[in-house]
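Chemist: Predicted coordinates and the sequence they were generated for:
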Amino acid sequence: MKMAHTCVRVKDLEASVAFYQKAFGFEESRRRDFPEAKFTLVYLTLPGDGYELELTYNYDHEAYDLGNGYGHIAIATEDVAALHKKHQEAGFEVTDLKGLPGVPPSYYFIIDPDGYKVEVIRAD
């Protein structure tokens, strides 16, 4: 077995696709439209990684209540500080660089157009 994908529901499909492409370099691997059922699925992958982020767009749906059960997805990078700076300069909503107690800064969060948190962590 292996992990297949993570799904997040989005209000503005094209804004969400653009965010993940611009912020992280995700590529659209496939798109499935179901107009009769009023939804579209877009699957995004990072280059060299088969794991997919599924963006689900339900036509004419109001913004989703994220509730208090959702945590975040995480994306690893070799240079957290450089990506943090790039995200700040691009105008994305990001937190300060943080570290666990006794550990140098090694992560931060960036917020996508729907308010989902994406943790950016240092690759081990």
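Modeler: Here it is on my side, so go on.
Chemist: Domain-wise, how is this structure divided?
Modeler: 1-62, 70-124 (automatic domain parsing).
Chemist: pLDDT (mean, whole number) over the longest one?
Modeler: This means domain 1-62. Averaging pLDDT along domain 1-62 gives 95.
Chemist: end-to-end on it?
Modeler: End-to-end distance of domain 1-62: 35 Å, with Cα to Cα, to the nearest Å as the criterion.
Chemist: Now do the helices in this structure.
Modeler: 13-24, 80-89 (DSSP state H).
Chemist: and those helices, which is most packed in?
Modeler: For these, the largest average neighbour count (mean count of other Cβ atoms under 10 Å) is found in helix 13-24, namely a mean of 17. (Glycine included, C-beta is placed from N, CA and C.)
Chemist: Which strands and helices lie in contact with that helix?
Modeler: Judged by 3 or more Cβ pairs under 8 Å, 6 or more residues apart in numbering; DSSP states H and E, the packing partners of helix 13-24 are strand 27-34, strand 39-45, strand 52-58.
Chemist: For residue 73, find the nearest of those.
Modeler: Evaluated over the helices and strands packed on helix 13-24, closeness to residue 73 peaks at strand 52-58, with 7.1 Å, by Cβ to Cβ.
Chemist: How about residues contacting that closest one?
Modeler: Contact partners of strand 52-58, identified using Cβ atoms under 8 Å, 6 or more residues apart in numbering, comprise 4-11, 13, 16-17, 20, 26, 29, 38-45, 73.
Chemist: Turn the helices and strands packed on helix 13-24 into a markdown table, columns for mean neighbour count.
Modeler: Formatted as a markdown table, the helices and strands packed on helix 13-24 follow (neighbours: other Cβ atoms under 10 Å):
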| stretch | mean neighbour count |
| --- | --- |
| strand 27-34 | 12 |
| strand 39-45 | 18 |
| strand 52-58 | 19 |
